[in-house]
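Q: Here's a sequence, model it:
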Amino acid sequence: MKLSPTAILARRFYCWRRRNISPQIFACLLAVSIGVGAGVAAHTLKWCIARLSELLTAHMEFGGPNYEFLVLPLAGIVLTFVFTRYVLHRDLEDGTDRLTATLKSRRTRLPFRMIFTPIIANTLTLGFGGSAGSEGPSAVSAAAIASNVGRWCLLSREEVALVTACGAGAGIAGIFTAPVGGIFFVLECIHIPMSLAAVLGLSLSCLTAGATAFYLAHSTFDVTFPPGMIFDMSHMGIILLLGLFCGLYSWYYCRTGSLTRRLIRRVSSPWARALISGALVSVLVFLFPTLYGEGYNALTDIVNGAPARIGDYSFFHHLTSSPWALIALVAAIAAVKAVASYGTNSGGGVAGDFAPALFAGCMAGLLFGMLVNGIFGTDYPTAHLALVAMSAVLAGVVRAPLMAIFIAMETTNSFGFLLPVTAATAISFLTVRFLYRLPCR
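A: You can find the predicted model right below:
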C-alpha cells in the first residue's frame with residue numbers, strides 16, 4: 001500500500017527518535033509540546049472572544065439599557081448553529097461531556113479540524129454575548145492537538161488515549177491559568193486509569209499550558225484580586241454557613257439548568273431550538289447585561305469591592321446605590337444564571353459549564369454576605385465571601401471539589417484563602433451529595 005508523504009515522514013521521525021532519544025526524554029518533550037500547543041490555543045480563544053466582544057459593545061451606553069442586547073446573543077447562537085450544522089456537519093454542544101465519554105471509551109481519534117473548529121464556534125457564541133464559558137472548547141481543542149501529535153508520533157492506542165487526556169487537562173489549565181486545576185480535571189472528571197508516569201506527564205503538560213497562557217496574556221489573571229488580602233480566622237463560622245448556602249444554591253442551579261435544557265430539547269426542530277434558546281438568552285442579557293459572555297469583568301468588580309457595577313448598561317444602573325435594590329438585583333442574576341448558561345449550551349451554542357458556575361458562585365456569595373450584613377448589621381467582607389463561594393458552587397455543580405478549589409484560587413491568585421475555600425467547598429459538595437444521594441467520587 002502506498003503511503004502518503006505525511007505517513008512516510010512520521011515513520012522516519014519514529015525511527016530517528018527511537019535511535020536518538022530515550023523514552024523518558026521523549027515523553028517529557030511530548031508533554032511540553034502538548035502544553036505549549038494547549039496554552040497557545042487557549043490564549044487564541046480568549047483573544048478572539050475579547051476582540052469580537054469589544055467590537056460589538058464598544059459603542060454601548062454605560063448608564064442605561066442597550067437594545068442591541070436583544071439581538072446579539074440570538075445572532076451568535078444562530079450563527080454557531082449554522083456553522084456546526086451546515087459547515088462542520090458535527091454537533092459540538094456539551095464539549096466537555098462528549099470529550100470525557102470519548103476518552104473513557106478509548107476512542108482516541110479526534111480529527112485535525114477539531115483543533116480550530118471549537119475555537120471558531122465558541123468565539124461566535126460568547127463574542128456575541130452567550131452566557132457561558134470557554135473551557136469546554138479549549139479542552140476539546142487541546143485534546144485534538146494531543147491526539148493528532150500522538151498519532152503522528154506513532155504511539156500505541158493506549159498511549160494516544162493518555163496524551164489526549166493530558167491535552168484535555170492542559171486545555172483547562174490554559175484557559176483558567178490553573179495548572180493544578182487542569183490536573184484535577186483529568187483525575188476527578190475523566191477517570192481514566194493513569195500510572196505515576198502518566199500523572200507526571202499530565203502535570204508537565206498542565207504546568208506548561210498554564211505558563212504559556214499566562215505569558216501570552218502579559219502575566220495577568222482573568223480575575224484580579226487585591227494583593228495582600230488576609231483572611232480573618234474569626235470569620236470561619238460564617239464561612240461554614242456560606243458552604244451550606246452554596247450547596248443549596250448549587251442544587252437549585254443544577255435543577256433549574258436541567259429543566260431549562262429539557263424544555264429546550266423537547267422542541268423537535270433544530271432551527272426552532274436555536275431561535276428559542278437565542279431569544280431566551282438575549283432577553284436575559286438585555287435585562288442583566290452582566291450575564292454577557294463569561295462575566296470575568298463582573299467577577300473582578302465584585303472581588304475588588306465594587307458590586308454596584310453589575311448594574312451597568314441596564315435599566316438598573318441608577319438603582320444600585322440602594323443596598324436593598326442591589327441585593328434584589330444580585331438575587332435576580334443568581335436566580336437566572338443557570339437558565340442563561342444552559343440555554344446557551346442547549347440550543348446550538350458551543351460553550352463550557354465551569355465558568356458559569358464560577359460566576360454563579362460569586363453572585364451567590366455576594367448575595368449571602370449582603371443579606372447577612374443587611375439583616376444582622378454585621379460587617380463581613382462580601383468580596384471575600386464571593387471569592388470563597390466561587391469554588392463552593394463550582395464543586396457543587398460539577399462535583400469535583402479539588403478541581404474547584406484550585407481553579408478558583410489559581411484564577412484569582414488568592415492562595416491565602418486556601419483554608420476558607422477548602423472548608424466551604426467541602427460543605428457545599430457534601431450538601432449536594434446528600435441532596436442527590438450520590439456516592440462520593
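Q: can you give me how far stretch 221-231 is from the chain middle?
A: Once both centres are worked out by CA atoms, centre = their mean, to the nearest Å, stretch 221-231 turns out to sit 20 Å from its chain's centre.
Q: CA-only coordinates of it, as CSV, when you get a sec.
A: The C-alpha coordinates for stretch 221-231 follow below in CSV (Å, rounded to 0.1, in the frame of the first residue of the first chain):
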residue,chain,number,x,y,z
PHE,A,221,-5.1,36.9,35.5
ASP,A,222,-8.7,36.8,34.3
VAL,A,223,-10.0,37.9,37.7
THR,A,224,-7.6,40.2,39.6
PHE,A,225,-7.8,40.1,43.4
PRO,A,226,-6.3,42.8,45.6
PRO,A,227,-2.8,41.7,46.7
GLY,A,228,-2.1,41.3,50.4
MET,A,229,-5.7,40.5,51.4
ILE,A,230,-5.7,38.3,54.6
PHE,A,231,-8.5,36.1,55.8
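Q: Residues contacting that stretch, please?
A: Residues lying outside stretch 221-231 but in contact with it, judged by CB atoms under 8 Å, 6 or more residues apart in numbering, are 176-177, 294, 296, 299-300, 303-305, 384, 387, 411-414, 416-417, 419-420. For every residue, glycine as well, the C-beta is placed using N, CA and C.
Q: Now that stretch: buried residues?
A: Applying a neighbour-count criterion of 16 or more other CB atoms under 10 Å, one finds 221-223, 225, 231 buried in stretch 221-231.
Q: Show me the shaky parts of the stretch 151-300 of the chain.
A: Scanning the stretch 151-300 of the chain with the threshold set as pLDDT under 70 gives 228.
Q: ok, 90 please
A: Judged by pLDDT under 90, the stretch 151-300 of the chain has its weakly predicted residues at 154, 156-158, 161, 189-197, 218-234.
Q: can you map out the helices along it?
A: Here the stretch 151-300 of the chain has its helices, by DSSP state H, counting those that start in this stretch, at 157-176, 179-185, 196-216, 236-265, 270-287, 296-303.
Q: wait, which of those helices is closest to T44?
A: helix 196-216 (8.7 Å; CB to CB).
Q: Any quick PyMOL command for the buried ones out of the contacts of stretch 221-231?
A: For anyone working in PyMOL, the buried entries among those, judged by 16+ other CB under 10 Å, can be selected with:
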select buried, resi 176+177+294+296+299+300+303+384+387+411+412+414+417+420
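Q: List the buried residues of the longest helix along the chain.
A: Scanning the chain for the helix with the most residues, using DSSP state H, yields helix 23-57. Taking 16+ other CB under 10 Å as the basis for neighbour counts, the residues of helix 23-57 that come out buried are 27, 30-46, 48-50, 52-53, 56-57.
Q: circling back to that earlier point, need the helices of the stretch 151-300 of the chain in a markdown table with distance to G369, can you?
A: Listed next are the helices of the stretch 151-300 of the chain as a markdown table, based on distance: least, CB to CB, whole Å:
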| stretch | distance to G369 |
| --- | --- |
| helix 157-176 | 24 |
| helix 179-185 | 24 |
| helix 196-216 | 30 |
| helix 236-265 | 8 |
| helix 270-287 | 23 |
| helix 296-303 | 10 |
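Q: Looking at those helices, which is nearest to N20?
A: Per CB to CB, nearest to N20 of those: helix 157-176, 19.1 Å.
Q: Check which residues of the closest one are buried.
A: Of the residues in helix 157-176, those buried (16+ other CB under 10 Å) are 159-176.
Q: Show the end-to-end separation of stretch 285-295, please.
A: Using CA to CA, to the nearest Å, the end-to-end distance of stretch 285-295 comes out at 11 Å.
Q: starting at the chain centroid, how far to it?
A: Computed by CA atoms, centre = their mean, the chain-centroid distance of stretch 285-295 equals 16 Å.
Q: what does it rub up against?
A: Residues outside stretch 285-295 that contact it (CB under 8 Å, 6+ apart): 49, 53, 57, 65-67, 69-70, 72-73, 126-127, 129-134, 222, 281, 284, 298, 310-315, 329, 332-333, 336-337, 340, 355-356, 359.
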